[in-house]
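# dropping the sequence and predicted coords here.
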Amino acid sequence: MLARGHVVLQTTEGTRMATEELRFDNLAQKIRSDRFVRFERGGNVLTGVGFESDPNLEHYEFKSQVKAVVRTQSGGSVESKGSGR
C-alpha cells in the first residue's frame with residue numbers, strides 16, 4: 001500500500017508518526033518512508049529522513065538527518081542531532 005499527502009499514523013498508546021509519503025509492505029509487516037518523518041512518543045519528538053518500523057511503531061529506525069527533542073523529568077527539553085541508525 002502507498003499513501004501520499006499528509007499521512008498520519010497514531011497508535012492506541014498515543015505514539016504518532018507523520019510524513020508526506022508512506023509505504024506498507026504487508027508481507028514483511030514493515031512501514032517505510034524515504035521522506036521526512038516526525039515521530040512523537042511521550043512528549044519526545046524524533047525527526048529524520050528515511051524511516052522503517054513495525055506496524056505498531058514499537059521497533060523503528062531512522063536512516064539520516066536524525067534530530068531528537070527529549071523531555072526531562074523537570075519539564076525541560078534536550079535537543080540532539082545524529083546521523084541515523
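Perfect, I can see it now.
# Glu13 in helix, strand or coil?
coil (DSSP: H, G, I helix; E, B strand; the rest coil).
# mind pulling up the pLDDT for it?
We note a pLDDT of 92 for Glu13 in this prediction.
# phi, psi of it?
Backbone torsions of Glu13, given as degrees, to the nearest 10, read phi -80, psi -10.
# distance of it from Glu40?
Separation of Glu13 from Glu40 (C-beta to C-beta, to the nearest Å) stands at 12 Å. C-betas here are computed from N, CA, C, even on glycine.
# the two: which has the busier surroundings?
Legend: neighbour count by other C-beta atoms under 10 Å for Glu13 and Glu40, higher for Glu40 (16 against 10).
# give me the nearest residue to that one, chain neighbours excluded.
Computed as C-beta to C-beta, 6 or more residues apart in numbering, the closest residue to Glu40 that is not its neighbour in sequence is Arg16, at 4.5 Å.
# list the contacts of that neighbour.
Residues counted as contacts of Arg16 (C-beta atoms under 8 Å, 6 or more residues apart in numbering) are Val8, Leu9, Gln10, Phe39, Glu40, Arg41.
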